[in-house]
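Peer 1: Below: sequence and its predicted model.
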Amino acid sequence: MSRFIFLTFNGLSFGAVYAALALALVLIWRTTRVLNFAQGAMAVATAYVALSVSDWTGSYWIGFGAALAAGFVLGAVVERVAFRGADRMPPLNTIVIGVGLLILIEAVMGMLYGSANRGFPAAYSTRAYSVGSTALFSKQDVFTVGSVLVLMLVIAVLLTRTPQGLRMRAAAFAPEVARLLGVRVGRLLTLGWALSGLVGALAAMLVIPTGLGLFPQAMDGVFILGFTGAVVGGLESPVGAVVGGVLTGLALSYASGYIGSDITPLAALVLLVVVLLLRPTGLFSGSQVRRV
Amino acid sequence: MALLRSTLVRHLVLLALGALALVLLTGSLSTFHNYELAGLGAYVCTAAGLTVLTGLNGQISLGHAALMAIGGYTVALLQIRFSDRAITGLWVLPLSLLAGAAVTGVAAAVVGVAAARLRGPYLAGVTLALGVALPALTSRFTSVFKGDQGLSVPFDPPPASLGANFAVERWQAWISLGAALIVLFFLANLNRSAIGRHFRAVRDDEVAAQLSGLSVPRVQILAFTVSGVAAGLGGGVFAVSLQTASPGSFDLTLSLALLSAVVIGGLGSLAGAVWGSIIVVYLGIVLRGFVDDLGLSAASAQKLHDNLPNAAFGLLLVLVMLILPGGIQGLLRRLAGVAPVDRLRRGRPEPFAAAIAQHSSSPPPSGGQQ
Amino acid sequence: MTELLEVEGLCAGYGAAPVLHDVDLRLAPGTITAVLGANGAGKTTLLRTLSGLLRPSAGRIDLTGRDLIGLPVERRVMLGVAHVPEGRGVIGELTVQENLRLGGLWRKGAGARRETDAAIAEVYDLFEPLARRRGYHGHQLSGGERQMLALGRALVARPKFLLLDEPSLGLAPVVAASIMALLRTLRDASGMAVLLVEQNVHSALAIADEGVVVSLGRVVARGKAADLQADEGLRHAYLGF
């Protein structure tokens, strides 16, 4: 029982990270029909920015903020340079562009920082509080779940309660109609990518310190789990992405806890395939038919 | 019929010429360059199968190295058994390679069953997950696969009839490039056959293909199987050329390098797969050599040495997609004044492909037509 | 009377295929002009070119003396162009209130919010059923309500020039008639120029001041609505009644 409790908290903490990454993917997917395969690599790049800025300023939190800012900028730049006009391309082309960016960004990070795993400190202690002999969760876990929750609330408020959010939703659902009402759809797409980059950066800043470490390919595996979370949630809805990410975190925490940690990639594959084959529209989508 | 025969003859002539070139080329190169050629052969095998799957049938795979791994490990396990029992002979390695290709074909068919229900980014994500998960299995079943260290691949030395000084690297290059030539020969004929037309018909318009009597899932599964056989053979000769099968040599980087090769060469074109493989293999070698000649400090040289080739492939991939979706082969066709086949950018359908497929004279072996 | 909109020599099309040839058009404020013609004549293309969704290959579009050519859609909206597209363009995932708010979001500056709120209030006065369904999502509305919403959303912008593409398509005759009647009221109250594309030639000419007949991308006839309705040869040749 105590193991189950620990694995549950562990799963929630990792689930928050996958939820953030899933949200980053969904934010882009619903506006541009691009599944950004470079999302993980972009997030790694922001973590390296944090490393450099922290080294330079001596402050962990300035580095943390710099990572988020870098994610925002990188998202916008990637959209402008590589994915402008992606809505007119066949899906295959946008996938290949994403993969190309993934290879490019990881290689550039390798050239700048080397391929070795750099230790990356956590914001707070990763030692778990325990009650009796039952390990529960660490301060870092609380920070992880809390900061993801806060960011999601901010995004939810932005999307549903502000004029800019209304424009973004209109541009996502009906770009041409939005243009006819005076919305500058192109700018909002860029903003969506920028937000997505920021969310991805947060995911990297939270997951890299937890034993993963910082190396150019650090987020490859995490990306797959974020993608799994997004697919579990149905890819269309931000709320679904968050729930899907958390469920993925829980499922994998139990799988690796009870079967073995080397099973994680396989468990992710099984979860992904089972969800796609049994419920192609995700666990939470409405009645819309989706071609997967 | 006359046309078909002449195509076949043409392909046979090309095969013979290729074999001759291979013999002459490997004879004039150093052992190190032969070693590189052996690696190239493995790339060509797999990229040729991948370009059929992705370019001709429209199914993307970001995990083809996993299929290569199945072929490579199968060959390794068999060769170890043969070696343990001291079974030798010129037929031993070809048998292992065939078995590796066959096993991979079966595994690819299983993947294909799932893939036939997935499209675009979903298929890309699942194959990516497969590419990461499958090599991880080796550390799960350490007793069989020996974990990260991998299996050694013993094989007989070059036959004595080739002479005492025949280098083992040259022998590996023969095996590897020979396999590549055979794969190219079969795939070239396949593309010209009814099956090739079925592949394209399904890629261009699934509904139209279905309306003209094709079973879309069957065609897609067949494409995955064909591609898997090629990848399995590629993985087998790759293991032979490295003399080892380990998870590290079939990782995500290889999967993405293969995709780079087929995209840069021109999706859907076998010649493009060859071009792309040559570029991916030799651009890497040239760039690494260039870095080594710069005389940088050891640390920076190491960083550039390891990463500059990938940076170049990544950049090329993005640029090709944005500027030249037909790849090298598309560029060559455009220069030659032939209508471009960059259906990637325009998504241009072949409106009659489905109809042609229906009325094709030769029956599809898989029972693709109802 | 000074013209609100002047179009001269407009040519446009899709890729290499030209659709509109040398179209001239003059619209006075406070008038409704019906664009008539068979399917594929180029009516929708004309509207899309005027609102900026489609780039013309030649010609001039002047709105109150200002050249619109080269301006993107969003800029034309700010200058007073409103286009209710074919199929109405109600965003089903947004509520009625959100759809209407969207109609005024192009406004900038201090008074923007107040002006939009006032315009939305007017729309609710004009369309009673919408006022009762503020929180409903677009996809929950009936066809008639959607048309009201699409029209109302365009009115929130208080446009000078309104382009309507097939507003009565798919509506019950009674609903279509009430919307047509409303257009006359709006014309008189606001002084805007309305360009109306409509399949139903009778009802269009009944409310329009002017009519333009388009065939194969060219204007083949124009005149007072009443004259067009009376011209038997024209009716047989182009309007099918």
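Peer 2: Yep, it's here.
Peer 1: since we're on residue 140, how many residues are nearby?
Peer 2: With no chain named, the answer covers chain A. Here the neighbour count serves as a burial measure; for A:Gln140 (other CB atoms under 10 Å in any protein chain shown) it reads 19. Every residue, glycine included, has its C-beta placed from N, CA and C.
Peer 1: Hmm, no, I was thinking of chain C.
Peer 2: Applying the criterion other CB under 10 Å, we find 13 residues in the vicinity of C:Gln140.
Peer 1: Can you tell me, leaving aside adjacent residues, what's nearest to it?
Peer 2: Take C:Gln140 and drop its neighbours on the chain: the residue closest to it by CB to CB, 6 or more residues apart in numbering or on different chains is C:Arg133, 7.7 Å away.
Peer 1: Likewise for A:Ala174?
Peer 2: Beyond its immediate neighbours in the sequence, the residue positioned closest to A:Ala174 (CB to CB, 6+ apart) is C:Ile91, lying 4.9 Å away.
Peer 1: That neighbour against A:Ala172, yeah?
Peer 2: No: in this structure C:Ile91 lies outside contact range of A:Ala172 using CB atoms under 8 Å: 9.7 Å.
Peer 1: if I pick residue 47, what's in contact with it?
Peer 2: Unless you meant another one, I'm taking chain A. Residues in contact with A:Ala47, defined by CB atoms under 8 Å, 6 or more residues apart in numbering or on different chains, are A:Ala67, A:Phe120, A:Ala201, A:Ala204, A:Met205, A:Ile208, A:Leu214, A:Ala218.
Peer 1: um, chain C though
Peer 2: Residues near C:Leu47 by CB under 8 Å, 6+ apart: C:Val35, C:His83, C:Pro85, C:Leu163, C:Asp165, C:Leu195, C:Val197.
Peer 1: Kindly confirm my reading that C:Glu8 is in a helix.
Peer 2: No: using DSSP: H, G, I helix; E, B strand; the rest coil, the secondary structure at C:Glu8 is strand, not a helix.
Peer 1: Check the most centrally placed residue in chain B and give its pLDDT.
Peer 2: In chain B, the residue lying closest to the centroid (CA atoms, centre = their mean) is B:Thr46, at 1.1 Å. The pLDDT attached to B:Thr46 in the predicted structure is 97.
Peer 1: Next: B:Arg346.
Peer 2: What the model reports as pLDDT for B:Arg346 is 41.
Peer 1: neighbours of residue 144, just the number please.
Peer 2: I went with chain A, as the question did not name one. Other residues within reach of A:Thr144, judged by other CB under 10 Å, total 29.
Peer 1: That was the other one, I meant chain C.
Peer 2: Should you count by other CB under 10 Å, C:Gly144 turns out to have 19 residues around it.
Peer 1: Isn't it up against C:Leu171?
Peer 2: Yes: assessed by CB under 8 Å, C:Gly144 is found in contact with C:Leu171 at 5.6 Å.
Peer 1: Between these two, which contacts overlap?
Peer 2: Any residue near both C:Gly144 and C:Leu171 by CB under 8 Å, 6+ apart counts here, and that gives C:Ile179.
Peer 1: and the longest helix along chain C, which residues are buried?
Peer 2: Residue-count comparison of every helix in chain C, with assignments taken from DSSP state H, identifies helix C:173-190 as the longest. The neighbour-count criterion (16 or more other CB atoms under 10 Å in any protein chain shown) identifies C:Val175, C:Ala176, C:Ala177, C:Ile179, C:Met180, C:Leu182, C:Leu183, C:Leu186, C:Arg187, C:Ser190 as the buried residues of helix C:173-190.
Peer 1: same deal with stretch B:71-90?
Peer 2: B:Gly71, B:Gly72, B:Tyr73, B:Thr74, B:Val75, B:Ala76, B:Leu77, B:Leu78, B:Gln79, B:Ile80, B:Phe82, B:Ser83.
Peer 1: between the contacts of A:Ala47, which is nearest B:Ser255?
Peer 2: Taking CB to CB as the measure, B:Ser255 sits nearest to A:Ala218 out of the contacts of A:Ala47, at 17.8 Å.
Peer 1: List the buried residues of the helix or strand hosting A:Gly200.
Peer 2: Assigned by DSSP states H and E, A:Gly200 belongs to helix A:185-207. Buried positions in helix A:185-207, judged by neighbour count with 16+ other CB under 10 Å: A:185-186, A:188-207.
Peer 1: Low-confidence ranges, chain C, go.
Peer 2: C:1, C:239-241 (pLDDT under 70).
Peer 1: Just give the closest residue to residue 18, not the sequence neighbours.
Peer 2: Answering for chain A, as no chain was given. A:Tyr18's closest residue in space is A:Gly245 (CB to CB, 6+ apart), at 3.8 Å.
Peer 1: you looked at the wrong chain, it should be chain C
Peer 2: With CB to CB, 6+ apart as the measure, C:Cys11 is the residue that lies nearest to C:Pro18, at 6.3 Å, once sequence neighbours are left out.
Peer 1: give me the beta-bridge partners of the one you found?
Peer 2: C:Cys11 forms beta bridges with C:Ala58, as assigned by DSSP bridges.
Peer 1: That one against C:Arg55, yeah?
Peer 2: No: applying CB under 8 Å, one finds C:Cys11 not in contact with C:Arg55, separated by 10.8 Å.
Peer 1: Chain A: strands as residue ranges?
Peer 2: Taking DSSP state E as the test, the strands found in chain A are A:128-131, A:134-138.
Peer 1: Same check on the stretch 101-250 of chain B?
Peer 2: Defined through DSSP state E, counting those that start in this stretch, the strands belonging to the stretch 101-250 of chain B, from first to last, are B:151-152, B:244-245.
Peer 1: Determine which stretch of those is the most buried.
Peer 2: strand B:244-245 (a mean of 24; mean count of other CB atoms under 10 Å in any protein chain shown).
Peer 1: Point out the other elements, helices or strands, that that strand touches.
Peer 2: Contacts of strand B:244-245 with other secondary structure elements, assessed using 3 or more CB pairs under 8 Å, 6 or more residues apart in numbering or on different chains; DSSP states H and E, are made with helix B:64-84, strand B:151-152.
Peer 1: now it: how far from the chain's centre is it?
Peer 2: In terms of CA atoms, centre = their mean, to the nearest Å, the gap separating the centre of strand B:244-245 from the centre of its chain is 18 Å.
Peer 1: Partner strands of it and their direction?
Peer 2: The sheet places strand B:244-245 alongside strand B:151-152 (antiparallel), with pairing taken from DSSP bridges.
Peer 1: Residues contacting the partner strand, please?
Peer 2: Outside of strand B:151-152, the residues that reach it under the criterion CB under 8 Å, 6+ apart are B:Tyr73, B:Ala76, B:Leu77, B:Ile80, B:Phe145, B:Gln243, B:Thr244, B:Ala245, B:Ser246.
Peer 1: Kindly report the same for stretch C:105-118.
Peer 2: Outside of stretch C:105-118, the residues that reach it under the criterion CB under 8 Å, 6+ apart are A:163, A:166-167, A:181-183, C:74, C:77-78, C:101, C:103-104, C:156-158.
Peer 1: Tell me which residue of chain C is furthest from the middle?
Peer 2: C:Ala110 (28.8 Å).
Peer 1: before we move on, the earlier item: double-check that the residue nearest to C:Gln140 belongs to a strand.
Peer 2: No: using three-state DSSP, the assignment for C:Arg133 is coil, not a strand.
Peer 1: distance of it from chain A?
Peer 2: Computed as CB to the nearest CB, to the nearest Å, the C:Arg133 to chain A distance reads 18 Å.
Peer 1: For that residue, give me its contacts.
Peer 2: Listed by CB under 8 Å, 6+ apart, the contact set of C:Arg133 reads C:Val96, C:Gln140, C:Leu141, C:Glu145.
Peer 1: distance between stretch A:62-80 and the chain's centre?
Peer 2: Between the centre of stretch A:62-80 and the centre of its chain there are 14 Å (CA atoms, centre = their mean).
Peer 1: That one vs chain B: in contact?
Peer 2: No: residues of stretch A:62-80 contacting chain B under CB under 8 Å from any CB of the partner chain: none, with a closest distance of 10.0 Å.
Peer 1: ok, and for that stretch, which residues are buried?
Peer 2: Residues of stretch A:62-80 classed as buried by neighbour count (16+ other CB under 10 Å): A:63-64, A:66-76, A:78-79.
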